[in-house]
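Participant: here is a sequence with its predicted model. Questions after.
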Amino acid sequence: MEKKIVLRTKGVGKYFYDPVKFKVLDDISFEAYSGEFLTLVGKSGSGKSTLLYILSTMDTEYEGDLFIDEDKITGQNLNKLAAIRNKNIGFVFQFHYLLPEFSCLKNVMIPALKLGKFTHEEVEQQAYERLDMLGIKDQALKPASKLSGGQQQRVAIARALINSPKIIMCDEPTGNLDSKNTQIVFDIFKQITKEFNQTIIAVTHDNDFAKASDRTIELADGKIISQDLKF
Amino acid sequence: MKGVNTEIALTHILTRKRQTIVASLGVSIGIAIYICLNTLIIGTNRYSDNAIFKTTPHIRVYKEDDISKPLSKDTSGKKGTIVIVNPKISNISKNLINPSKLLHDIKNQPDVTAAAPMVTANIFYNNGKSQLTGVGWGVNITEADAMFDIQSTMVVGDLRTLLNTPNGIIIGVGIADKLNIKLNDNISVISSVGVIKLMKVVGFFKSSNAVTDKSKSYMNLATAQQLLEEGPNYVTDIYVKIKDPEAAVQYATVLSKLTGYTTEDWKAANELFVAGKKIRAVMFLFISWAILLVAAFGIYNILNMTVSQKLNDIAILKANGFSGKDVVRIFVMEAMVMGIIGTIIGFLLAAIIVNLLSRIYIGADIGYFPIQFEFSVSMTGVGVGLLVTFFAGYIPARKASKVDPVAIFRK
């Protein structure tokens, strides 16, 4: 498969000012390719989550440049960034973060309804397809708060996939799951990258999870110390 | 698609029905009281204005007393005659010159609806040995009735009797009581110039003012002129009614320029009343706004709480591509739904309260409570209610839109 760059950083650095000025990220430059399953590892405080939130476009206070699809993201206004996230990036977090008042189906549909590319019926159809792929179609109409942790995480993944984003970003996606559910999530990620050519960038503590990914970037003290290139 | 924001807002509201209802009811009560108070003030003002207009014309045209002037002026201080001046009200007649032309001119003014000539005479009412001072109004009773609605104040007798009774007189009930007069009794009336006339009482009136009832009487114009030993061209006042009583102040100056005589508008004649009206208006405005603000705080409070509880949800919406504007829309919409529900209920509540109030019988010459449903006031109430809820919602909504998702996710 052709290696196409979907995300690129150039000399990204970031400071924390509280309680004292402190450089969390220092000169981070790397590329992520389409269809790649990329994991970011490192000890607590190594800056991997901070890096992920910069990549996610939600954190705008950093130095250096960020490109998605070779379009410069750095310096865009907040509304534009929201639109870029809506279209190009899906999110999966450690603590699922579903909207509790809504059904699973609605949770999955919301980003697509926001995008507004398809009609309500089409979006509903697509949401059912995603839930089916993740094996939780039968839970679709239940309120999100009534599901188990593993099921909620799968709903969150379905939501991340609904707009067919180029990149899916995960912060400890399996941190809260047992080994069985971890395996399910891992298999889904593999399937997404291989079958749909989408890119996954995941921050993780789980070494087994990281080892099984295409590439692992290890951070320590805000710097990239190794890039295990298997891709 | 805009629909998704609405959907989220409605879901939030439906999952917290009780808070929504409480906030809405706060607005309802605020709006209801706002509308009721303002309707009440319009009703009472209309009633008291009408009471005023039963005795005071919108504009009165008359000749002001002249103060006597020195016969010659001492200009240089050297040669001129020194005149000792003791200014007094001059003895010149208070007659308006050529009243029929004046009347014609005034009636031709665009906003004048009625104008009536009037002769006022200070008189004594005598019945046997008892005597009472008062003022006789010489009028064309039909015209005066059109202006002051005298018929509605009549307690005994009929106005029209005056028309075919040249020496007839209609007196206030206070005079009738004091002098022990019954209908069709004859009384003698003495004027300030000493003319004595025997007059037949053809009716009693009772106004809302006891002093008026004890002194005032209506008689034919010609009778009043005779009492003052004057001819048919003698008219002391012209009373003018215009379309909009509120414009009386400006219109009085117009008429003053037109006629060359002094004019007095009803507001100048009733300064105390006008001041009281203003104070009432300010007071009611204060109360109604205070209540509205309290209602607005209810909405603000509930939305503020919602925002604090939903920081996670806001963060996740933002991560999924909802902009700050979308978040503002969602929460403002929630406020507006509460506001709209509250305003509708408040409007209905106000309509019911006003309806109930208007059925309360007060008695005396007021009759029923002087209140009726005022459409424009209600619309203002609805508008103000929606405006207030908008701002009550906008402040927490802005706070929500400023939520930094990264800060939430990293906790």
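Facilitator: Looks like it arrived, so ask away. Numbering: from 1, shown residues only, chains lettered A, B, ... in the order given.
Participant: buried residues in stretch B:235-254, which are they?
Facilitator: Judged by neighbour count using 16 or more other CB atoms under 10 Å in any protein chain shown, the buried positions of stretch B:235-254 are B:235-242, B:245, B:248, B:251-252, B:254. C-beta: built from backbone N, CA, C; applies to glycine.
Participant: wait, what's in contact with B:Arg18?
Facilitator: If a contact means CB atoms under 8 Å, 6 or more residues apart in numbering or on different chains, then B:Arg18 has no contacts.
Participant: give the next helix or strand downstream of the longest strand along chain B.
Facilitator: Using DSSP state E to assign secondary structure, the strand with the most residues in chain B is strand B:112-127. Sequence-wise, the next helix or strand downstream of strand B:112-127 (DSSP states H and E) is strand B:130-139.
Participant: now for whatever residue of the stretch 51-200 of chain B ends up closest to chain A, how many residues are close by?
Facilitator: In the stretch 51-200 of chain B, the residue that lies nearest chain A is B:Asp111 (56.5 Å; CB to the nearest CB). Neighbourhood size, B:Asp111 [other CB atoms under 10 Å in any protein chain shown]: 13.
Participant: look at the one residue in the stretch 101-250 of chain B that gets nearest to chain A and give its secondary structure.
Facilitator: Proximity of the stretch 101-250 of chain B to chain A (CB to the nearest CB) peaks at B:Glu246, 50.5 Å away. With DSSP: H, G, I helix; E, B strand; the rest coil as the basis, B:Glu246 sits in helix.
Participant: ok, the one 4 residues further on next?
Facilitator: Look at B:Gln250: counting by three-state DSSP, its state is helix.
Participant: okay, B:Ile353: pLDDT?
Facilitator: Listed pLDDT for B:Ile353 reads 91.
Participant: correction: the previous question concerned B:Phe347.
Facilitator: pLDDT at B:Phe347 comes out at 91.
Participant: is it true that it touches B:Val382?
Facilitator: Yes. Using CB atoms under 8 Å, B:Phe347 makes contact with B:Val382 at a distance of 6.0 Å.
Participant: intersection of neighbour lists for those two?
Facilitator: In contact with both B:Phe347 and B:Val382: B:Ile31, using CB under 8 Å, 6+ apart.
Participant: up against chain A, what does the stretch 151-300 of chain B have?
Facilitator: For the stretch 151-300 of chain B, no residue is in contact with chain A (CB under 8 Å from any CB of the partner chain).
Participant: the stretch 151-300 of chain B: strands as residue ranges?
Facilitator: B:154-157, B:168-172, B:186-191, B:196-205, B:216-220, B:237-242, B:262-265 (DSSP state E, counting those that start in this stretch).
Participant: tell me which of those strands is the most buried.
Facilitator: Of all the strands of the stretch 151-300 of chain B, strand B:168-172 carries the top mean neighbour count, a mean of 25, counting by mean count of other CB atoms under 10 Å in any protein chain shown.
Participant: what packs against it?
Facilitator: Packing partners of strand B:168-172 (3 or more CB pairs under 8 Å, 6 or more residues apart in numbering or on different chains; DSSP states H and E): strand B:196-205, strand B:216-220.
Participant: strand B:216-220 and that strand, what's the angle between them?
Facilitator: 160 degrees (axes from the mean of the first three to the mean of the last three CA atoms, to 10 degrees).
Participant: off-centre distance for strand B:168-172?
Facilitator: Chain-centre distance of strand B:168-172: 30 Å, with CA atoms, centre = their mean, to the nearest Å.
Participant: same check, this time on stretch B:196-206
Facilitator: That offset, for stretch B:196-206, works out to 33 Å (CA atoms, centre = their mean).
Participant: now it - C-alpha only, PDB.
Facilitator: Output of stretch B:196-206 as PDB, limited to C-alpha atoms (Å, rounded to 0.1, in the frame of the first residue of the first chain):
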ATOM      1  CA  ILE B 196     -81.500  88.400  41.700                       C
ATOM      2  CA  LYS B 197     -83.200  85.700  39.800                       C
ATOM      3  CA  LEU B 198     -85.700  83.100  40.800                       C
ATOM      4  CA  MET B 199     -84.700  79.800  39.300                       C
ATOM      5  CA  LYS B 200     -86.300  76.400  39.100                       C
ATOM      6  CA  VAL B 201     -84.200  73.300  40.100                       C
ATOM      7  CA  VAL B 202     -84.600  70.800  37.300                       C
ATOM      8  CA  GLY B 203     -82.000  68.300  38.400                       C
ATOM      9  CA  PHE B 204     -79.200  67.300  40.800                       C
ATOM     10  CA  PHE B 205     -75.800  66.000  39.800                       C
ATOM     11  CA  LYS B 206     -73.200  64.100  41.800                       C
END
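Participant: can you name the residues in contact with it?
Facilitator: B:150, B:153-159, B:161-162, B:165, B:167-173, B:176, B:181-191, B:213, B:218-219, B:223, B:226-227, B:365.
Participant: buried set for stretch A:192-203?
Facilitator: A:Ile192, A:Thr193, A:Asn197, A:Gln198, A:Thr199, A:Ile200, A:Ile201, A:Ala202, A:Val203.
Participant: just put those residues in JSON lines and tack on secondary structure, distance to chain B and pLDDT.
Facilitator: Listed next are the buried residues of stretch A:192-203 as JSON lines, based on DSSP: H, G, I helix; E, B strand; the rest coil; distance: CB to the nearest CB, whole Å; pLDDT from 0 to 100:
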{"residue": "A:Ile192", "secondary structure": "helix", "distance to chain B": "18", "pLDDT": "84"}
{"residue": "A:Thr193", "secondary structure": "helix", "distance to chain B": "21", "pLDDT": "85"}
{"residue": "A:Asn197", "secondary structure": "coil", "distance to chain B": "21", "pLDDT": "83"}
{"residue": "A:Gln198", "secondary structure": "coil", "distance to chain B": "16", "pLDDT": "86"}
{"residue": "A:Thr199", "secondary structure": "strand", "distance to chain B": "17", "pLDDT": "87"}
{"residue": "A:Ile200", "secondary structure": "strand", "distance to chain B": "16", "pLDDT": "87"}
{"residue": "A:Ile201", "secondary structure": "strand", "distance to chain B": "14", "pLDDT": "88"}
{"residue": "A:Ala202", "secondary structure": "strand", "distance to chain B": "14", "pLDDT": "86"}
{"residue": "A:Val203", "secondary structure": "strand", "distance to chain B": "11", "pLDDT": "87"}
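Participant: any chance of a markdown table for the residues you listed, columns distance to A:Glu172?
Facilitator: Conversion of those to a markdown table gives the following (distance: CB to CB, whole Å):
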| residue | distance to A:Glu172 |
| --- | --- |
| A:Ile192 | 18 |
| A:Thr193 | 18 |
| A:Asn197 | 24 |
| A:Gln198 | 19 |
| A:Thr199 | 18 |
| A:Ile200 | 13 |
| A:Ile201 | 13 |
| A:Ala202 | 8 |
| A:Val203 | 6 |
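Participant: farthest-separated two in these?
Facilitator: A:Asn197 and A:Val203 (21.7 Å; CB to CB).
Participant: what does chain A put close to chain B?
Facilitator: A:49, A:53, A:56, A:58-59, A:78-79, A:82-87, A:91, A:93, A:97-102, A:106, A:110-111, A:113-116, A:120, A:159, A:171.
Participant: give me the subset of those residues that lies in helices.
Facilitator: Here DSSP state H is the test, and these give A:49, A:53, A:78-79, A:82-87, A:106, A:110-111, A:113-115, A:120, A:159 as lying in helices.
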